[in-house]
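*Asks:* Based on what follows, work out the 3D shape:
(2 chains)
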Amino acid sequence: AQKVTQAQTEISVVEKEDVTLDCVYETRDTTYYLFWYKQPPSGELVFLIRRNSFDEQNEISGRYSWNFQKSTSSFNFTITASQVVDSAVYFCALSEAHTGNQFYFGTGTSLTVIP
Amino acid sequence: DTEVTQTPKHLVMGMTNKKSLKCEQHMGHRAMYWYKQKAKKPPELMFVYSYEKLSINESVPSRFSPECPNSSLLNLHLHALQPEDSALYLCASSQERDRGPMNTEAFFGQGTRLTVV
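*Replies:* Next up, the predicted model:
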């Protein structure tokens, strides 16, 4: 079974629009960790954020914000005032306490920001 | 320094060739990973090394042979590959502790784009 679901395969927005990337996860562990990575065309996965299951506080970093809701098993990512440089594939990932350094990646959302 | 360096960036090899992919990090991370990524797919875990010992092998064919010579280096030896092995191979590293996993973020290299002809 897919542990991380990113239902949006591709999204296109016009520059300066806000966009939200959805991530829904599934786990039986009470302790788990959620991540977002950005993969530009160059190929490298760039780490954006890690949250643990005990910290439901939303986080803001510049134009990026994350909404973690355990009640709906979601960890959504919003980019405010999108820019062309935000064009990339974004992956949500999960690791569980009992499996440690094994990451379960979602299928990714390809974001295109049109100038 | 949060850099993971992979060489080469591109590699074309024949099915009878032997080649190696190299990965280096100087962040003091004791967990290192190899992932394989096909186009428009998420990365798939191949191997995990923890404290220079192979801890996870995701049933990878023996034509892929990992090696961790020291805590900073990770190699992937390739032999008799098939065209379907063409992919982006990503190396990553993360913090680790000897009493169990840390569930921390992994830092990735830019990958080696491998084409098998």
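*Asks:* Hmm, residue A:102 and residue A:93 touching each other?
*Replies:* No. Taking CB atoms under 8 Å as the definition, residue A:93 is not a contact partner of residue A:102, at 10.1 Å. (C-beta placed from N, C-alpha, C; glycine too.)
*Asks:* what about these two, which has more around it?
*Replies:* Per other CB atoms under 10 Å in any protein chain shown, whichever of residue A:93 and residue A:102 has more neighbours is residue A:93, with 25 against 17.
*Asks:* so which helix or strand takes in the more buried one?
*Replies:* strand A:88-96 (DSSP states H and E).
*Asks:* What helices and strands are in contact with the very next helix or strand once past that strand?
*Replies:* Sequence order places strand A:104-105 as the next helix or strand after strand A:88-96, per DSSP H and E. Applying 3 or more CB pairs under 8 Å, 6 or more residues apart in numbering or on different chains; DSSP states H and E, we find strand A:104-105 packed against strand A:88-96.
*Asks:* CA atoms only for the strand it packs on, dumped as CSV, please.
*Replies:* What follows is strand A:88-96, C-alpha atoms only, in CSV (Å, rounded to 0.1, in the frame of the first residue of the first chain):
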residue,chain,number,x,y,z
ALA,A,88,10.4,21.7,-10.0
VAL,A,89,9.1,18.3,-8.9
TYR,A,90,8.2,18.3,-5.2
PHE,A,91,8.2,15.1,-3.2
CYS,A,92,6.6,14.5,0.1
ALA,A,93,8.2,11.7,2.2
LEU,A,94,7.6,9.7,5.4
SER,A,95,10.0,7.9,7.7
GLU,A,96,8.7,5.8,10.6
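*Asks:* near chain B, which residues of chain A show up?
*Replies:* Residues of chain A found near chain B (CB under 8 Å from any CB of the partner chain) are A:32-33, A:35, A:37, A:42-47, A:50, A:52, A:91, A:95-97, A:99-103, A:105-108, A:110.
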